[in-house]
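> quick check, what structure comes out for this input:
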Amino acid sequence: MRWIMGIDLTGLRALNFAYRVYDFDFTSTVTLGRHEIHFWKQEFDTLRNNFDFAYDETLALGDFCEPLLQKLGARTITSIDASAFEGASFIHDFNRPVPESLHNQFDTFLDFGTIEHVFDVAQVIENIVKMIKPGGKILVVTNANGFPAHGLFQYSPEFFYSVFSERNGFRNTSIFLVDTSSPKLWHLIQRPAALKRRSEIPFEKQMMMVVFSTKSQDVDQLSVIQSDYEDTWTRFEAKDWSRWNAQDIPKWKKALHELVGPYAYRVAAQKLLSFGVRHKYRLDRTLINPDEVDPGSFVGKFVASATDMSLRAPIEIH
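Next comes the predicted model:
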């Protein structure tokens, strides 16, 4: 299996955000796959003021990304791929454990579209966690919604919030969705654990996901539990839990069932569900322009918007 990856405009903006706001140290960088340049010069020019270097021929469309990472401060770049086809520096199937020689070796892990193509998700995550040094940082750009035939998986914010959690030795995890039809503003997604319910994401939208996190320490074993189940189990053990029953069905649903047949009911119910999801999503997200965020204030605003339910109205961070 060969993985085809690339840094498009969203990936370039994510790299810039990592460099400028998250203070990534690219000195020793590992990439999952060998990434190509998929952005155009005109797209780079929109971010020119945010970089300390100018566009040149080493960043040409279709070339590999090592010169770009070197301009960001990378001294050593290790690209891992299951095939030698594109000249990756380390040939290894990420469905298998990485060798111990790669443990705690890297300051930065980058993936711009590979994780959704690798079957053994748990092994992928374990490999990432083991390769990054304590204090090292992670950037993943992958599919969230509307790409059902692209790879083996589409990921949810819950997945990465649960994986890159304090319990697993991570901090400052932030997850953004990028609407491909309106990509300038990113949507900062609140933690489902803070919402006390599952995140609502419009299912008609095609969304990319951008994930940032920092590894604070090694842990003996990863523990990944979906937050709403963990909350339910905790309440059950505390006897603060009750089963769902038919009396909880809204009156409008019962009335609709009486008026229309089952298929028409499903169509109507789906339209109402879609409306409700879009409404909740607008309340839960925080809109940001990643190119204009002030690095000094982002973490404070992120922590507030991601954890404080009093800030559920959408705000724009510049």
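> C-alpha from now on. contacts and neighbour counts both.
Will do.
> what helix or strand is Phe203 located in?
Using DSSP states H and E, Phe203 is not contained in any helix or strand.
> so how far is Arg278 from it?
Separation of Phe203 from Arg278 (CA to CA, to the nearest Å): 9 Å.
> quick one: which of these two has more around it?
Arg278 (16 against 13; other CA atoms under 10 Å).
> make sure the more buried one is indeed in a strand.
No: going by DSSP: H, G, I helix; E, B strand; the rest coil, the assignment for Arg278 is helix, not a strand.
> make residue 1 into 898 and carry on from there
All right, first residue 898 from here; so that's Arg1175.
> and it, what's its pLDDT?
Arg1175 carries a pLDDT value of 87.
> looks like it contacts Lys1102 (just checking).
No: applying CA atoms under 8 Å, one finds Arg1175 not in contact with Lys1102, separated by 10.1 Å.
> wait, a helix at Leu955?
Residue 955: Thr, not Leu. Yes: with three-state DSSP as the criterion, Thr955 is part of a helix.
> what's the closest non-adjacent residue to it?
Excluding its sequence neighbours, the residue lying closest to Thr955 (CA to CA, 6 or more residues apart in numbering) is Pro964, at 6.2 Å.
> name the SS class of that neighbour, please.
Going by three-state DSSP: Pro964 is helix.
> now it: how far from Tyr952?
Counting by CA to CA, the gap from Pro964 to Tyr952 is 11 Å.
> what does Ser1113 give?
34 Å.
> and those two? Which one has more around it.
Using other CA under 10 Å, the more surrounded residue of Ser1113 and Tyr952 is Ser1113, with 17 against 14.
> wouldn't that one be in contact with Gly1032 here?
Yes: under the criterion of CA under 8 Å, Ser1113 is in contact with Gly1032, at a separation of 5.2 Å.
> helices along this structure, start to end?
906-917, 938-942, 963-968, 1018-1028, 1054-1060, 1089-1092, 1124-1134, 1148-1156, 1159-1181, 1192-1204 (DSSP state H).
> pull out the buried positions in the shortest one.
Neighbour-count burial for helix 1089-1092, counted by 16 or more other CA atoms under 10 Å, picks out 1089-1090, 1092.
> who are the contact partners of Trp1138?
1129, 1132 (CA atoms under 8 Å, 6 or more residues apart in numbering).
> re earlier: can you count the residues close to the residue nearest to Thr955?
16.
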